[in-house]
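Peer 1: Quick one, what's the 3D model for this:
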Amino acid sequence: LFVDSTANCGANDGTSWYNAYTCLQTAFANSEAGDVIWVNRGIYRPMAPAGREATFALKKGVAIYGGFAGTETSPADRKSSQFDFESSILSGDLANNDNSGTHTDNSYNVVTADNVDGTAILDGFTIRAGYADGNATGFNDRGAGLVGSNCSATLRNLTFEDNHANIVGGAMYLNVGTPSMSDLVFRHNDSDGNGGAAYLNQVDGDLTNLLFEGNRSTGTSGGAVYLRGDMTIYNAAFVGNVAADGTGSIIYCHPDGAGTLVNATLTANDGSGIDFTGSLVVQNSILWSNSGANYVGSPATGSANNSTVDPVFVQNPDPGDGSWQTTLDNNYGDLRPQRNSPVLEQGNNSFNASLTDVAGADRKIGTIEMGAYEFVKRIYVDVKATAGDETGYSWQHAYTELQDGLAASTAGYEIWVARGTYLPSQTEDRDASFRLTPGVNVYGGFGGNTFIGSGDQFDQAVYLETARDQRITDPLKGKTILSGD
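Peer 2: A predicted model of the protein is given here:
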């Protein structure tokens with residue numbers, strides 16, 4: 001089944017992109033076990049049941065994929081940037097009036113996942129603007145982005161942002177189940193109780209590649225996440241989260257909870273790092289520069305290989321005005337380690353079963369790093385970069401001269417070069433040449449810091465690619481030129 005909010009030419013019967021449904025709720029209503037729903041870019045609001053109870057209810061056997069441009073023939077053709085499918089949005093802003101400051105007419109729970117197994121798939125969406133301020137009828141006071149009971153759904157490539165709950169679990173509340181969750185971002189969610197982003201109650205299973213930025217709880221237990229179950233969490237980064245104005249913990253493990261936290265990074269949070277009231281094993285992790293103690297209580301037996309020293313990030317987080325609670329000016333930094341980081345190759349490979357880090361970089365090349373991110377042997381070059389420091393660690397801080405990138409590389413590195421014209425010398429030295437280094441691969445054709453488009457937000461693009469296959473090889477959009485002129 002195909003869904004496109006802008007489809008206005010065909011039969012709107014969901015049989016193709018041309019004939020796509022314009023309403024996602026219609027596709028949900030007409031779907032049955034075995035169906036797959038593809039959703040184009042756009043904003044989709046739940047329409048049933050009536051009023052604030054409106055929700056997108058997942059079904060057993062039905063897979064829903066977002067992030068399409070309308071030309072793909074497979075979900076693998078979608079282009080994304082570190083679990084970023086922001087162009088397909090499930091919004092609880094039913095009246096489209098959040099910009100005026102009105103939220104009390106929003107959907108209580110944007111997505112519902114009750115009594116579903118792993119065949120219920122949600123993949124490739126941003127879920128925002130749920131507002132769970134109900135009176136505890138059902139779960140209308142928790143899990144504003146996604147709520148589920150007896151939930152073992154497959155949840156992938158999702159961003160939860162700007163959701164609020166009165167009681168617990170600002171973005172997500174799951175009560176009993178073994179869901180499969182991977183490549184999730186929780187950003188700017190809040191709860192008046194515990195679990196600013198997520199409250200996982202009697203939930204078991206593996207969670208992989210999670211990013212928690214700028215979430216807040218009024219309760220002391222879990223500014224980011226409240227854990228009660230037997231979970232293994234691989235590759236998770238926690239930055240800029242707030243627990244009870246700094247007096248609580250960012251991660252809370254309930255006395256009945258157990259599990260393992262592997263290759264996590266907790267930094268620059270307003271609160272203590274981890275509360276070990278329950279039995280939580282911590283391995284290969286970084287806890288540094290949080291406002292409170294890194295640990296409350298003692299890690300469970302088996303905890304090992306953790307660091308509390310400066311990991312030398314590419315860019316340290318910065319709250320702007322000094323408070324992580326005012327989110328508009330927050331800079332969550334770049335938590336990848338630099339070349340001189342003390343966490344490089346200090347992890348224990350046997351602890352981590354995942355093949356990639358939180359950003360999708362290969363995890364199992366030699367000895368792994370501590371923390372959520374691997375050190376990637378990649379140098380960025382972009383003649384348009386304006387940051388000024390030219391460290392080469394990212395598009396924003398790219399070298400502006402290809403020669404500088406070549407000079408900084410050694411065997412095993414990749415150099416990514418954005419569109420533009422590059423000269424082997426800035427003087428009239430005719431002997432100047434770009435000299436390739438054995439073992440160094442140089443790739444051009446990237447958009448880098450290019451901004452294209454105006455007007456409709458869905459026609460705009462900021463490139464900043466994170467994978468080579470994201471390059472757009474249309475020469476009309478620019479070339480990477482090595483010039484002898």
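Peer 1: And the strands in the stretch 251-400 of the chain, which stretches?
Peer 2: Listed in chain order, the strands of the stretch 251-400 of the chain (DSSP state E, counting those that start in this stretch) span 258-267, 272-275, 279-283, 286-288, 295-296, 313-315, 334-337, 378-381.
Peer 1: Just want the angle from the first one to strand 279-283.
Peer 2: If I follow you right, that is strand 258-267. For strand 258-267 against strand 279-283, the angle by axes from the mean of the first three to the mean of the last three Cα atoms, to 10 degrees is 50 degrees.
Peer 1: any idea of the mean pLDDT for strand 258-267?
Peer 2: Strand 258-267 carries an average pLDDT of 95.
Peer 1: Indicate each strand paired with that strand and its parallel or antiparallel sense.
Peer 2: According to DSSP bridges, strand 258-267 forms sheet pairs with strand 230-239 (parallel), strand 279-283 (parallel), strand 286-288 (parallel).
Peer 1: residues of the shortest one that come out buried?
Peer 2: The neighbour-count criterion (16 or more other Cβ atoms under 10 Å) identifies 286-288 as the buried residues of strand 286-288. Any C-beta I mention is one placed from the backbone N, CA and C, and that applies to glycine too.
Peer 1: which outside residues touch that strand?
Peer 2: For strand 286-288, the surrounding residues in contact (Cβ atoms under 8 Å, 6 or more residues apart in numbering) are 264-267, 273-274, 294-295, 306-311, 343, 370-372.
Peer 1: Indicate which one of the strands of the stretch 251-400 of the chain is closest to N150.
Peer 2: Distance to N150, taken as Cβ to Cβ, is lowest for strand 258-267 among the strands of the stretch 251-400 of the chain, at 19.7 Å.
Peer 1: roughly how far out does the closest one sit from the chain middle?
Peer 2: The gap between where strand 258-267 is centred and where its chain is centred comes out at 16 Å by Cα atoms, centre = their mean, to the nearest Å.
Peer 1: Also stretch 408-428?
Peer 2: 30 Å.
Peer 1: V296 and N201, how far apart?
Peer 2: Using Cβ to Cβ, to the nearest Å, we find V296 at a distance of 20 Å from N201.
Peer 1: what about the two, which has more around it?
Peer 2: Neighbours per residue, other Cβ atoms under 10 Å: of V296 and N201, the larger number sits with N201, 21 against 18.
Peer 1: In this structure that one contacts I167, no?
Peer 2: No: between N201 and I167 there is no contact under Cβ atoms under 8 Å: 11.8 Å.
Peer 1: Let me know which of the strands of the stretch 251-400 of the chain is the nearest to Y252.
Peer 2: Between Y252 and these, the shortest separation by Cβ to Cβ is 4.7 Å, and it involves strand 272-275.
Peer 1: Neighbouring strands of that closest one in the sheet, and parallel or not?
Peer 2: Strand 272-275 has these strand partners (DSSP bridges): strand 249-253 (parallel), strand 295-296 (parallel).
Peer 1: average pLDDT for that strand?
Peer 2: Rounded mean pLDDT across strand 272-275 is 93.
Peer 1: Make TSV out of the strands paired with strand 258-267 and add mean pLDDT and distance to A27.
Peer 2: Below are those laid out as TSV (pLDDT from 0 to 100; distance: least, Cβ to Cβ, whole Å):
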stretch	mean pLDDT	distance to A27
strand 230-239	96	32
strand 279-283	95	40
strand 286-288	97	43
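Peer 1: Out of the ones you listed, which is closest to Y393?
Peer 2: Using Cβ to Cβ, the nearest of the strands paired with strand 258-267 to Y393 is strand 230-239, at 16.4 Å.
Peer 1: List the buried residues in that closest one.
Peer 2: 230-239.
Peer 1: With stretch 397-415 instead?
Peer 2: 397-403, 405-406, 408-409, 413, 415.
Peer 1: I'd like the distance from the spatially most distant residue from the centre of the chain to Y422, if you could.
Peer 2: Residue farthest from the centre of the chain, counting by Cα atoms, centre = their mean, is R430 at 47.2 Å. To Y422, R430 is 17 Å away according to Cβ to Cβ.
Peer 1: which one of the strands paired with strand 258-267 lies closest to L476?
Peer 2: Comparing the strands paired with strand 258-267 against L476 with Cβ to Cβ, the closest turns out to be strand 230-239 (37.5 Å).
Peer 1: Contacts for the next helix-or-strand element following that closest one next, please.
Peer 2: Heading C-terminal from strand 230-239, the first helix or strand you meet, by DSSP states H and E, is strand 242-243. Contact with strand 242-243 is made by 196, 215-217, 219-224, 249-250, 269-272, 324-325, as judged by Cβ under 8 Å, 6+ apart.
Peer 1: Give me the subset of the residues you listed lying in helices.
Peer 2: Of the contacts of strand 242-243, none are assigned to helices by DSSP state H.
Peer 1: and the nearest residue to I472 once chain neighbours are set aside, how many neighbours?
Peer 2: Leaving out its chain neighbours, the residue that sits closest to I472 by Cβ to Cβ, 6 or more residues apart in numbering is G447, at 6.6 Å. Using other Cβ under 10 Å, G447 has 22 neighbouring residues.
Peer 1: At the geometric centre of the chain, which residue sits there?
Peer 2: In the chain, the C-alpha nearest the mean C-alpha coordinate belongs to V185, at 3.2 Å (Cα atoms, centre = their mean).
Peer 1: element containing it, please.
Peer 2: Assigned by DSSP H and E, V185 falls in strand 180-187.
Peer 1: Okay, buried residues for that strand please.
Peer 2: Residues of strand 180-187 classed as buried: 181-187 (neighbour count, 16+ other Cβ under 10 Å).
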